[in-house]
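In: give the three-dimensional model of this entry:
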Amino acid sequence: MKTKVILTAALLGVSTLNCFAKPLKVFIMAGQSNMEGHAAINTFDYIGKDPLTAPILKEMRNPDGTPRVCDKVWMSYLTGPYDGSANGEGLGKLTTGFGARDDQPTKNGGKIGPEFTFGIYMEKELKEPILIIKTAWGGRSLNTEFRPPSAGQYKLPKETLAEWDRNPNAPDRKKWQEDKDAASGVFYRMMIDHVKRVLADPRRVCPEYDGKAGFEIAGFVWLQGFNDLVDDTTYPGSGQPARYDEYSRLLAHFIRDVRKDLSAPKMPFVIGVLGVDGDKHVNFRKAMAAPADMPEFKGNVIAVDTAPFWDYDIAAAEPKQGKYNNIVGTSHSLKADGTIDKDWKWENYWKPVGQPLPEERLWRFTTINPTGKKDKPEKYDARRFRDITMPAGMENWFMPDFDDSKWTEGKAPIGKGVWKHSGITLAKFPSKWGDGEFLLMRTTFEIEDLNFESYRIANLARQGFHVYLNGNNIHTYIWWQDKPVYGCIVLEKEQIKLLKKGKNVLAVYANDEYDLNSPERYAAIDMRIEGITKPDKEKLDLALEEVLPHKDREATKGASNGGYHYFGSAKIFAQMGKAFAEALLPVQK
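Out: Next comes the predicted model:
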C-alpha cells in the first residue's frame, strides 16, 4: 500500500508539472555579417580588462576559463556564403562558435555574434528552455536581398535616374532592373522558410520541447544595415537628413511582414541600430531607429543603439596597428628602381645568416612548364600557384644531394618582365627567369655559429612559393601579393632546428605572373634567411614601442577584424547581445 501511495504521488507530481508547463520560448535573430558575428574567441580576455564589462566575461566562461555551454538554450543557425549558394544549418546547445562560418556553415567557426550573450542572459533570467533561430549572411541589404514582400518592387530614386541620364556609361536600365528584381527578397524568403521549417518540428533542435505546451515566438532581433548605409544608388543625397527615409519605410514593412508570415501579430521586435564608427552616421542611425516611434509599433518595437558599445581605444589603435604590422611584416623595403633601400629606418636590426652574403650568393635554377592536363588551369585565375608533376628525374629536386650542376647559375633576384606597383618598378634583374611558368632554384650557404635569438625568411615574390631548408618544407604561400617588398616569415622552433653549422641548402619553387591582357609574363623571386640577436631584438622592440605603444597594443588584442565588423571584438558583441536580451526581457515577464 505504501508503495502505491508513493507511486500515485509521483504520477500526480508529473501531471501537475505538465499542467503548468510553459510554451517553449523562441527567439529569432536575423541580419547580415554583424549578426553572423566576426568576434574571434581569442579576443575574450580583453573584455575582462574593463571593470564595466568584466562581469559579462564571467558569464561567458566556466570557472576553468573554457567557454560556457548553455544547458537550456538550443541553436538552429542557417548561414553560408554571402550569395546563399551553399547554406547549411548549425545545431546544438548555445556556446561559442555560432558566429561567422564563411563557407562551412555546419562547423564551429571559432567566433561569436550577439547570440552568445543574448542566450546567456535570457537563460539566466527566464530559467526555462529557449530556442534561438538565427539566420544571417554577409553583405545583404534590406533594400534588395532582405526586401520584404509588402514593400513592392525596387524602384530607382529619381536622383539616381537623373544621374544615370547624364552619364553615358550608366548601366543598362532594363537589365539592371531585371537583376534587381531577381535578387529582391531572396534572403527574406530563406529566413522565413527556415524559421517555419524549424518550428514545424521544434524537438529536432530542442529536445526539451513539450509538444502539448507548444511554443511562443517571444521576440525578433534585427542587426543589419551596413550595405544600406553605403548604398549611394538606393539612398542618394549624401549628408541630407532625409537621405535614408526609404530604409525606415522598408524596415516598417519588414516588421509587419515577418509578423504576418510567422502568425505573430504582436511579436516583440528589437532593432539593433547600427553602431559602426560609434556616434557617426547619425542620419542612418535615426532612420534605422525610426520605426520604433511609429504609433502602430509603440510598446513592442524597441530600438537598441549599438553605437555606445563602439570601442574608441581599439579605433584609435587600429591605424597604429596597421603601421606596426607593415613594419614587422616587411624584411626589406625597396627603392623606386626595385633595389633594397639600405636607408630604411628598420633595415639593420636583422642580419643575414651564413656566407656568402645574400647579394653575393649564387643560385642554380631552371624553369619548367606544366605538361599534364591536370596541371594546366582550365581558366584564368588570379591564384594560380599549384603543384605540378615534375619531369622524370627531378622529383626530389629540393633535396640536398640533388645534382643541379647543369642548371643555369646566377644571383638573385631572379626575374622576368616588368613588375610595377606602388611607385616601384622591378625590371632589371641579376638573373633572367627564362620562358617557363615555374621556377626551381637552389643555393648553398655556410654557417659558423647559430647565436641569433630569432630567425626569419626574407622573401620577395609575386605569386605563391614553397621554401625548403635542407630538404624540408619550411613554408608554403599559396596566394599572390602585388606588393614589391621583401616580406617576413618568422621561423618556428622546429624549423630553426633544421639550420645547422656547415653547409645548408635552400630551395624554392615558384611561378610567374600574368593576366589575360599581359603582353608578357613577369616575376621576381629572392629568398634569404636572416637572424636577430637578443640585444638587437630589445632595441627593435623599444623602437616599435613608439609606433604601437603598450596601451594601443593591449587594445588591439581585443580586435580580430575590420571596423565594419565592430573590429571583430567580443567585447562589443557581448555588450550588444546582453542589451538585446535586456530589451526583450521586460515583455517576457
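
In: contact partners for residue 514?
Out: For residue 514, the contact set (C-beta atoms under 8 Å, 6 or more residues apart in numbering) comprises 520, 521, 522. To be clear about C-beta, it is placed using only N, CA and C from the backbone, and glycine gets the same treatment.

In: of all the residues you listed, which comes closest to residue 340?
Out: residue 522 (19.2 Å; C-beta to C-beta).

In: burial measure for the closest one, as a count.
Out: Neighbour count for residue 522, taken as other C-beta atoms under 10 Å: 19.

In: next one: phi and psi at the nearest residue to it once chain neighbours are set aside?
Out: Nearest residue to residue 522, sequence neighbours excluded (C-beta to C-beta, 6 or more residues apart in numbering): residue 417, at 2.8 Å. Dihedral pair for residue 417: phi 60, psi -150, per degrees, to the nearest 10.

In: my guess is residue 272 meets residue 30, correct?
Out: No. Here residue 272 does not reach residue 30: they are 10.1 Å apart, not a contact under C-beta atoms under 8 Å.

In: now do the shared contacts for those two.
Out: Contacts common to residue 272 and residue 30, judged by C-beta under 8 Å, 6+ apart, are 221, 222, 223, 224.

In: widest-spaced pair of the residues you listed?
Out: 221 and 224 (10.4 Å).

In: anything in contact with each of those two?
Out: 30, 35, 272.

In: ok, those vs residue 384, which is closest?
Out: Nearest to residue 384 among the shared contacts of residue 221 and residue 224, with distances taken as C-beta to C-beta, is residue 35, at 35.4 Å.

In: now stretch 27-38: mean pLDDT?
Out: Across stretch 27-38, pLDDT averages out at 98.

In: that stretch: end-to-end distance?
Out: 21 Å (C-alpha to C-alpha, to the nearest Å).

In: what of stretch 155-174?
Out: First residue to last in stretch 155-174 (C-alpha to C-alpha) measures 12 Å.

In: list the buried ones in it?
Out: Judged by neighbour count (16 or more other C-beta atoms under 10 Å), stretch 155-174 contains these buried residues: 156, 160, 164.

In: the first one touches residue 233, doesn't it?
Out: I take that to be residue 156. Yes. Between residue 156 and residue 233 a contact is recorded at 7.3 Å, counting by C-beta under 8 Å.

In: extract the C-alpha set from stretch 510-524 and format it as CSV.
Out: In CSV, the C-alpha atoms belonging to stretch 510-524 read as follows (Å, rounded to 0.1, in the frame of the first residue of the first chain):
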residue,chain,number,x,y,z
ALA,A,510,57.6,29.5,-57.6
ASN,A,511,55.6,30.5,-60.6
ASP,A,512,55.3,33.7,-62.7
GLU,A,513,52.5,36.2,-63.0
TYR,A,514,50.3,37.1,-66.0
ASP,A,515,46.8,38.2,-66.9
LEU,A,516,44.8,37.8,-70.0
ASN,A,517,45.8,41.2,-71.3
SER,A,518,49.5,41.0,-70.4
PRO,A,519,51.9,41.5,-73.3
GLU,A,520,54.4,39.3,-71.3
ARG,A,521,54.6,37.4,-68.1
TYR,A,522,56.5,38.8,-65.2
ALA,A,523,58.1,37.6,-61.9
ALA,A,524,60.7,38.3,-59.3
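
In: give the rounded mean pLDDT of that stretch.
Out: Rounded mean pLDDT across stretch 510-524 is 81.

In: generate JSON lines for the shared contacts of residue 272 and residue 30, with distance to residue 493, secondary structure and neighbour count as supplementary columns.
Out: Rendered in JSON lines, the data for the shared contacts of residue 272 and residue 30 read as follows (distance: C-beta to C-beta, whole Å; DSSP: H, G, I helix; E, B strand; the rest coil; neighbours: other C-beta atoms under 10 Å):
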{"residue": "221", "distance to residue 493": "46", "secondary structure": "strand", "neighbour count": "28"}
{"residue": "222", "distance to residue 493": "48", "secondary structure": "strand", "neighbour count": "25"}
{"residue": "223", "distance to residue 493": "43", "secondary structure": "strand", "neighbour count": "29"}
{"residue": "224", "distance to residue 493": "45", "secondary structure": "coil", "neighbour count": "26"}
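
In: now the residues you listed in CSV, with distance to residue 442?
Out: Formatted as CSV, these follow (distance: C-beta to C-beta, whole Å):
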residue, distance to residue 442
221, 59
222, 59
223, 54
224, 54
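
In: quick revisit: out of the buried residues of stretch 155-174, which one sits closest to residue 490?
Out: Taking these together and measuring to residue 490 by C-beta to C-beta, the closest member is residue 160, at 49.7 Å.

In: and the closest one, that's in a strand?
Out: No. Going by DSSP: H, G, I helix; E, B strand; the rest coil, the assignment for residue 160 is helix, not a strand.
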